[in-house]
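Student: Fold the stuff below for me.
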Amino acid sequence: MTDSKYFTTTKKGEIFELKSELNSDKKEKKKEAVKKVIASMTVGKDVSALFPDVVNCMQTDNLELKKLVYLYLMNYAKSHPDMAIMAVNTFVKDCEDTNPLIRALAVRTMGCIRVDKITEYLCEPLRKCLKDEDPYVRKTAAVCVAKLYDINAQLVEDQGFLDQLKDLLSDSNPMVVANAVAALSEMNETNISGSMLIEMNSQTINKLLTALNECTEWGQVFILDSLANYSPKDDREALSICERITPRLAHANAAVVLSAVKVLMKFMEILPSDSDFVSTLTKKLAPPLVTLLSSEPEVQYVALRNINLIVQKRPDILKQEMKVFFVKYNDPIYVKLEKLDIMIRLASQANIAQVLSELKEYATEVDVDFVRKAVRAIGRCAIKVEQSAERCVSTLLDLIQTKVNYVVQEAIVVIKDIFRKYPNKYESIISTLCENLDTLDEPEARASMIWIIGEYAERIDNADELLESFLEGFQDENTQVQLQLLTAIVKLFLKRPSDTQQLVQQVLSLATQDSDNPDLRDRGFIYWRLLSTDPAAAKEVVLAEKPLISEETDLLEPTLLDELICHISSLASVYHKPPSAFVEGRPGLRKSLPARNDIGGSSIPAVVTTSQAAIIPSQESLIGDLLSMDLSAPPTTYNPATAPSPSVDLLASGIESLLTSDLNSVPATSAASQSSIGLIGDIFSVPTPSSYVPPKQIWLTAESGKGLEITGTFSRKNGIINMEFLFKNKAMQPMIGFAIQLNKNSFGLTPQRPLQVVNPLIPGGSQEVSLPLSTTGAVQRMEPLTSLQVAIKNSIDVFYFACIVPMNVFFVEDGQMDKRLFLSTWKDIPAQNEMQYTIQNILCNAEVVAQKMTQNNVFTIAKRNVESQDMLYQSLKLTNGIWVLNELKIQPGNPNITLSLKTQALDVAPGIYQAYEAILRN
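Tutor: Numbers count the residues shown, from 1 in each chain. Take a look at the predicted model:
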């Protein structure tokens with residue numbers, strides 16, 4: 001007899017009858033009554049009125065009856081918290097029962113009753129169950145800790161349950177270990193602080209790996225997921241873990257296989273990419289992934305979505321397995337489309353013939369969506385594999401000849417992209433495309449055809465007629481088509497202005513006067529003003545050379561891809577979205593792949609800073625320093641630079657006349673007076689002279705910075721060197737936690753304070769930041785001399801780049817030398833320490849040159865006229881105490897200036913010349 005009888009009763013006095021049955025003295029009748037109560041509860045009837053009577057049934061030795069009562073309690077305890085407390089004594093008593101099943105049942109039920117009043121009574125029984133002699137009770141208690149943490153996290157921490165869970169990681173029973181790991185993983189995900197509750201170490205990881213071989217499938221999944229969150233301390237440990245996990249790739253359960261793949265993908269980032277182990281591992285990863293594709297369609301789809309991520313990160317893994325992704329006739333459409341996507345990602349010169357043959361077959365299928373995707377895939381292959389482009393175009397032309405409407409339209413869309421990728425190569429087919437103009441009814445295809453006509457208007461005799469035919473129904477067209485038609489007619493007008501003037505006026509009138517679309521109206525007004533005010537500028541803008549389109553436009557952003565690799569075998573890897581995008585109210589820990597380390601990890605010992613200003617240590621391998629840097633706060637050590645002795649040798653013949661001749665002495669403005677002028681200028685809004693600041697350059701591209709783009713320059717203001725940044729976030733998530741570290745460099749540059757970027761830097765946002773630098777850091781000679789290596793850290797990763805510091809920012813304000821000292825120093829510097837340069841095409845007289853250089857702390861000591869040419873004698877001093885003496889020969893009417901300079905440290909001479917040239921050209 002089945003249990004269906006419990007669901008069939010419809011008596012009016014049902015609750016009353018059940019009440020009397022629950023209080024019956026007969027055990028069997030009582031059990032039957034509880035079953036009826038559970039049946040009523042299951043179908044949605046409110047049987048909460050029977051709460052006290054059902055609770056009374058807890059006092060029984062019958063395990064089946066106890067399970068039923070506990071089930072009822074879990075359902076109604078929240079709505080009757082006061083009555084639920086009545087059951088606490090029984091729970092506590094059951095937790096000390098001789099039967100381990102009852103002990104486990106009691107602690108499991110107490111964990112499921114989410115009532116604050118009961119949780120405080122749960123602590124003591126739970127503590128005992130965590131130390132129970134029976135492993136079944138211990139594994140149940142481990143999960144109960146996670147449930148209790150969800151109700152009251154603070155209580156779990158205060159009662160020391162975290163330490164007990166950590167002890168269970170070393171349990172002799174593998175299932176206890178697996179449940180402890182599962183509980184900790186669940187708690188870490190719900191932890192609001194975002195930090196790991198228990199830090200894993202090598203010893204714990206070793207115990208988990210030992211338990212891995214004896215666990216059930218789901219236990220293995222939990223352990224593997226936990227291993228994926230661990231960061232090995234070195235290459236050797238990562239290699240050891242990989243070796244012990246590799247056998248899991250042969251497991252029958254797809255979840256275990258994918259979890260193992262996730263751990264291996266993460267740890268392969270840590271290992272040197274050129275090592276034999278990584279290449280062996282790459283070969284081992286292919287067979288298990290291929291095996292997953294012989295499962296049922298649903299599992300296939302999940303596997304394919306994960307493979308899509310893996311192929312984007314490491315295409316080498318499956319590059320030899322193209323055939324397994326060929327579509328089968330009975331594959332569901334969602335599997336077909338996913339396979340098609342992976343085929344294109346794996347397409348290469350070696351297999352392109354095979355791929356094109358398949359794609360051509362797919363283009364004749366009956367499923368319209370699949371055919372469209374196949375035709376588009378042929379175009380993507382042409383863009384990705386240049387050698388196959390001609391063959392792809394030929395295939396597309398064959399498909400156009402079929403005259404199947406949707407095939408023709410997709411072909412035209414992809415041919416437009418092929419024209420963008422390979423300009424002036426396949427334009428001979430335009431006439432064939434124009435033959436199909438009348439059949440186009442989809443916006444994207446019409447827009448593509450219009451783009452082709454506008455772009456190659458000079459090759460199409462009747463381009464104006466073709467575009468005019470589109471113009472007839474302008475108001476009914478899709479916005480995409482309207483925008484493209486406007487641009488195409490303007491292009492045509494710029495190429496053939498004589499016979500298309502009426503056409504361009506008509507389209508501009510339609511776009512600006514008859515349209516409600518703001519985008520279309522704005523573009524129309526811009527074109528109108530360009531054409532009416534400056535046709536040459538219009539030509540430069542509209543007919544500008546277009547950048548070639550990239551081969552993979554649909555690749556995931558690098559930071560997102562790295563995060564999704566860490567979520568392989570989860571829903572995030574199927575959606576291709578981070579968990580935060582579809583799980584609400586669960587902050588969790590943001591996961592990311594470790595930074596690749598192919599260096600070997602040995603850092604270069606720091607070079608001792610010398611106090612001799614003119615001596616710069618020789619350069620060594622610097623990447624080690626950057627990798628081992630502490631990116632928290634800048635160092636604050638101070639190394640005073642010793643001023644050089646005045647015995648330095650400088651200018652050429654006739655220098656003695658500086659002191660004896662009657663010359664126009666040009667005293668340089670002192671730093672104090674300069675600051676006074678600046679203050680007065682501020683008060684009366686008078687523009688004050690400023691030192692030269694080079695234009696910003698890109699220091700870190702968005703591609704190298706995982707979405708972070710950094711442009712910058714250097715300036716000197718009020719005696720302080722500033723590093724001027726412009727941070728742009730081109731990633732999909734906000735960036736926080738910015739920090740900076742500079743490597744040892746020739747001039748001892750180091751940050752005066754931490755990098756102050758206002759958090760968060762939102763996606764699409766930008767922020768300008770000025771970082772003051774001092775010259776008190778560690779000194780090490782660089783090549784080139786003013787090269788600066790920088791490490792920038794944020795919430796995504798640590799990024800390294802190098803930039804060149806312009807020499808003029810090192811010119812200090814007290815660089816004006818006394819005339820007599822200037823003369824004696826010039827003589828003392830040997831002749832071989834004199835360098836001569838020509839600065840070409842400078843249209844400045846001596847006064848302007850002197851003024852420009854003074855603004856940049858290069859001080860004119862004297863000026864005289866010799867044989868109708870002006871001679872300027874100037875001095876400057878670098879931050880490290882090195883003096884440089886200069887002579888400038890300026891001849892009226894001659895755009896070339898001769899610069900002679902003398903210094904004890906000739907290494908700075910090229911930088912000084914470059915500074916002169918940049919300042920004078922500014």
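Student: okay, now residue 291: neighbour count?
Tutor: Residues contacting residue 291 under the criterion other Cβ atoms under 10 Å number 16. (C-beta placed from N, C-alpha, C; glycine too.)
Student: Am I right that it sits in a helix?
Tutor: Yes - Residue 291: assigned to a helix according to DSSP: H, G, I helix; E, B strand; the rest coil.
Student: Could you measure from the residue nearest to the spatial centre of the chain over to residue 767?
Tutor: What sits nearest the mean C-alpha location of the chain, by Cα atoms, centre = their mean, is residue 559, with 3.0 Å. Relative to residue 767, residue 559 is positioned 18 Å away (Cβ to Cβ, to the nearest Å).
Student: Same check on residue 499?
Tutor: From residue 499 to residue 767 the distance is 51 Å (Cβ to Cβ).
Student: Neighbour count for the two, which is higher?
Tutor: Neighbours per residue (other Cβ under 10 Å) separate residue 499 from residue 767, with residue 767 holding more: 16 against 10.
Student: Name the residues linked to that one by a beta bridge.
Tutor: With DSSP bridges applied, residue 767 shows beta-bridge pairing to residue 727.
Student: Residue 794 contacts residue 735, doesn't it?
Tutor: Yes - under the criterion of Cβ atoms under 8 Å, residue 794 makes contact with residue 735 at 4.7 Å.
Student: shared neighbours, those two?
Tutor: 708, 761 (Cβ atoms under 8 Å, 6 or more residues apart in numbering).
Student: so where's the stretch 751-900 of the chain uncertain?
Tutor: By pLDDT under 70, the stretch 751-900 of the chain has no low-scoring segment.
Student: Quick one: the strands in it, in order.
Tutor: 766-774, 787-793, 798-804, 834-839, 859-866, 869-877, 883-890, 897-902 (DSSP state E, counting those that start in this stretch).
Student: for these, which one sits closest to residue 320?
Tutor: strand 798-804 (34.0 Å; Cβ to Cβ).
Student: Report the angle between the closest one and strand 787-793.
Tutor: Orientation check (axes from the mean of the first three to the mean of the last three Cα atoms, to 10 degrees): strand 798-804 against strand 787-793 gives 160 degrees.
Student: Parallel or antiparallel, which strands does strand 798-804 pair with?
Tutor: Strand 798-804 is paired, per DSSP bridges, with strand 787-793 (antiparallel).
Student: Which residues does the partner strand contact?
Tutor: Contacts to strand 787-793, defined as Cβ under 8 Å, 6+ apart, come from residues 622, 625-626, 629, 631, 699-700, 708, 710, 737-743, 745-746, 749, 755, 782, 798-805.
Student: Would you show me how to pick out the buried ones of these in PyMOL?
Tutor: Burial among the contacts of strand 787-793 is assessed by 16 or more other Cβ atoms under 10 Å; the matching PyMOL selection reads:
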select buried, resi 622+625+626+629+631+699+700+708+710+738+739+740+741+742+743+745+746+749+755+782+799+800+801+803+804+805
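Student: one step back: leaving out sequence neighbours, find the closest residue to the residue nearest to the centre of the chain.
Tutor: With sequence-adjacent residues excluded and distances taken as Cβ to Cβ, 6 or more residues apart in numbering, residue 559 is closest to residue 706, at 4.2 Å.
Student: Please pull out the lowest mean pLDDT helix or strand from this protein.
Tutor: helix 671-683 (a mean of 39; mean pLDDT, DSSP states H and E).
Student: immediately after that helix, which helix or strand?
Tutor: Where DSSP states H and E defines the elements, the next helix or strand beyond helix 671-683 is strand 697-700.
Student: Report the mean per-residue pLDDT for that next one.
Tutor: Average pLDDT, strand 697-700: 92.
Student: Give the next helix or strand downstream of it.
Tutor: strand 708-717.
Student: Identify each buried residue in that following strand, please.
Tutor: Buried, per 16+ other Cβ under 10 Å, within strand 708-717: 708-716.
Student: okay if I get these as a markdown table plus distance to residue 505 and pLDDT?
Tutor: What follows is those, written out as a markdown table (distance: Cβ to Cβ, whole Å; pLDDT from 0 to 100):
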| residue | distance to residue 505 | pLDDT |
| --- | --- | --- |
| 708 | 46 | 91 |
| 709 | 41 | 92 |
| 710 | 46 | 94 |
| 711 | 42 | 95 |
| 712 | 46 | 95 |
| 713 | 46 | 95 |
| 714 | 51 | 94 |
| 715 | 50 | 93 |
| 716 | 55 | 92 |
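Student: Below-threshold pLDDT in the stretch 51-200 of the chain: ranges please.
Tutor: Applying pLDDT under 70 to the stretch 51-200 of the chain picks out residues 82, 192-196.
Student: Please enumerate the helices of it.
Tutor: 51-56, 63-76, 81-84, 88-94, 100-112, 116-130, 135-151, 153-158, 161-168, 174-190 (DSSP state H, counting those that start in this stretch).
Student: Following element in sequence after the helix or strand in which residue 396 is found, please.
Tutor: Secondary-structure assignment from DSSP H and E places residue 396 in helix 389-401. Once helix 389-401 ends, the next helix or strand along the chain (criterion: DSSP H and E) is helix 405-421.
Student: Output the contacting helices and strands for whatever helix or strand comes next after that next one.
Tutor: With elements assigned by DSSP H and E, the helix or strand that comes after helix 405-421 is helix 430-434. Helices and strands touching helix 430-434, by 3 or more Cβ pairs under 8 Å, 6 or more residues apart in numbering; DSSP states H and E, are helix 389-401, helix 443-455.
Student: Mean pLDDT for those helices - can I get that in CSV?
Tutor: As requested, the helices and strands packed on helix 430-434 are arranged in CSV below (pLDDT from 0 to 100):
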stretch, mean pLDDT
helix 389-401, 88
helix 443-455, 89
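Student: Format those helices as JSON lines; extra columns: distance to residue 409 and mean neighbour count.
Tutor: Listed next are these as JSON lines, based on distance: least, Cβ to Cβ, whole Å; neighbours: other Cβ atoms under 10 Å:
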{"stretch": "helix 389-401", "distance to residue 409": "10", "mean neighbour count": "19"}
{"stretch": "helix 443-455", "distance to residue 409": "4", "mean neighbour count": "23"}
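Student: and residue 354, which of those is closest to it?
Tutor: Of all the helices and strands packed on helix 430-434, it is helix 389-401 that lies closest to residue 354, at 12.0 Å by Cβ to Cβ.
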